[in-house]
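1. structure of the sequence below:
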Amino acid sequence: MESGKVYALEAAVETVKKFPAPKFDPTVTLGFHLGVDPRKSDQMVRGSVSLPHGTGKNVRVAVFAQGEAAKEAEAAGADFVGFEDLIKKVQEGFTDFDAAIATPEAMTEVRKIARVLGPRGLMPNPKTGTVTTDTGTAVKAVKAGRIDYKLDKNGNISGPIGRASFDAAMLIENASSFIESVIKAKPASAKGNYVRNITMAAAMCPGLPLEPSLWSTH
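-> So this is what the prediction gives:
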């Protein structure tokens, strides 16, 4: 790694994979710094993207539903399914899941635990497909490698694109999908350079700045 160097996507992936591996299989992430004002609601950037090769992580999904929607969620492989019982469990401190899905009918009650779910990025949202009557499809999408992202207060977005053990081609395709999704999520009110920089990093390794040509042509 050279100071001041920027990397093409392929070179960044190759470099990340060459770093000495810790005793675990590190997650590779992309971090974006965007030229928007997070304080303005019309410049909020959020969305979701289905990574072609998943994240390499076993995603634990909780579904707030009852009746047929609950049965569909269970059949699709949801880890926790319930309604009032599951809401009570969360109120008591249970948050041992990575994503939450709810039916529109359940959201009236789920909003009561927004203070628990919101800060952890777990609150179901129609914009990311996690408030839906089609719970089975939503569970499968999240399990298959869909990631949700949202601008933080410093104008940054980050998310996983796989594990260091992934084939280079898999990481490149996942990264390309993530970059394309964030570019498409550009708010109409954003002025000037939308993407300021993108960094690729593996856990416990230095970040690699990507070359601007990856996004400046958009």
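
2. which of the helices and strands in this structure ranks last by mean pLDDT?
-> Ranked by mean pLDDT, DSSP states H and E, the weakest helix or strand in the chain is helix 213-216, scoring a mean of 81.

3. check which helices and strands that one sits against.
-> Applying 3 or more Cβ pairs under 8 Å, 6 or more residues apart in numbering; DSSP states H and E, we find helix 213-216 packed against helix 168-184, strand 195-202. The way it works is simple: take the backbone N, C-alpha and C, and place the C-beta from them, glycine included.

4. burial-wise, tell me which of those comes out on top.
-> strand 195-202 (a mean of 20; mean count of other Cβ atoms under 10 Å).

5. domains for this protein, by residue range?
-> If you go by automatic domain parsing, the domain ranges for the chain are 9-55+146-216, 61-144.

6. comparing those domains, which gets the lowest mean pLDDT score?
-> When those are ranked by mean pLDDT, domain 9-55+146-216 comes last with a mean of 91.

7. tell me, how many residues neighbour Lys191?
-> Other residues lying near Lys191 total 10 when counted by other Cβ atoms under 10 Å.

8. er, Lys5 I mean
-> With other Cβ under 10 Å as criterion, Lys5 counts 11.

9. let's verify it: helix, strand, or coil?
-> Three-state call for Lys5 (DSSP: H, G, I helix; E, B strand; the rest coil): coil.

10. against Val195, how distant is it?
-> Note on Lys5: its distance to Val195, by Cβ to Cβ, to the nearest Å, is 19 Å.

11. can you give me the strands for the chain?
-> Assigned by DSSP state E, the chain shows strands spanning 27-34, 46-50, 61-64, 80-82, 99-102, 146-150, 156-163, 195-202, 208-209.

12. orientation of the first one relative to strand 195-202 in degrees?
-> Using axes from the mean of the first three to the mean of the last three Cα atoms, to 10 degrees, one finds that strand 27-34 and strand 195-202 are set 170 degrees apart in direction.

13. how far away is the closest residue to Ala141 other than its chain neighbours from Lys127?
-> The shortest distance from Ala141 to any non-neighbouring residue, by Cβ to Cβ, 6 or more residues apart in numbering, is to Ser50 (6.3 Å). According to Cβ to Cβ, Ser50 and Lys127 sit 15 Å apart.

14. higher neighbour count, the two?
-> Ser50 (15 against 11).

15. so in terms of bridging, what pairs with the more buried one?
-> Ser50 forms beta bridges with Arg146, as assigned by DSSP bridges.

16. wait, doesn't it sit right on Lys143?
-> No: assessed by Cβ atoms under 8 Å, Ser50 is found out of contact with Lys143, at 10.9 Å.

17. could you list the buried residues of stretch 69-81?
-> Buried residues in stretch 69-81, defined by neighbour count with 16 or more other Cβ atoms under 10 Å: Ala69, Ala70, Glu72, Ala73, Glu74, Ala76, Ala78, Asp79, Phe80, Val81.

18. how much space separates the closest residue to the fifth one other than its chain neighbours from Ala73?
-> Looking back up the chat, that one is Glu74. Among residues not flanking Glu74 along the chain, Val81 sits closest, at 5.2 Å (Cβ to Cβ, 6+ apart). As judged by Cβ to Cβ, Val81 and Ala73 stand 5 Å apart.

19. likewise for Asn154?
-> Applying Cβ to Cβ to Asn154 and Ala73 gives a distance of 35 Å.

20. burial count for the closest residue to Gly35 other than its chain neighbours?
-> Spatial nearest neighbour of Gly35, excluding adjacent residues (Cβ to Cβ, 6+ apart): Asn193 at 4.6 Å. When neighbours are counted by other Cβ under 10 Å, Asn193 registers 12.
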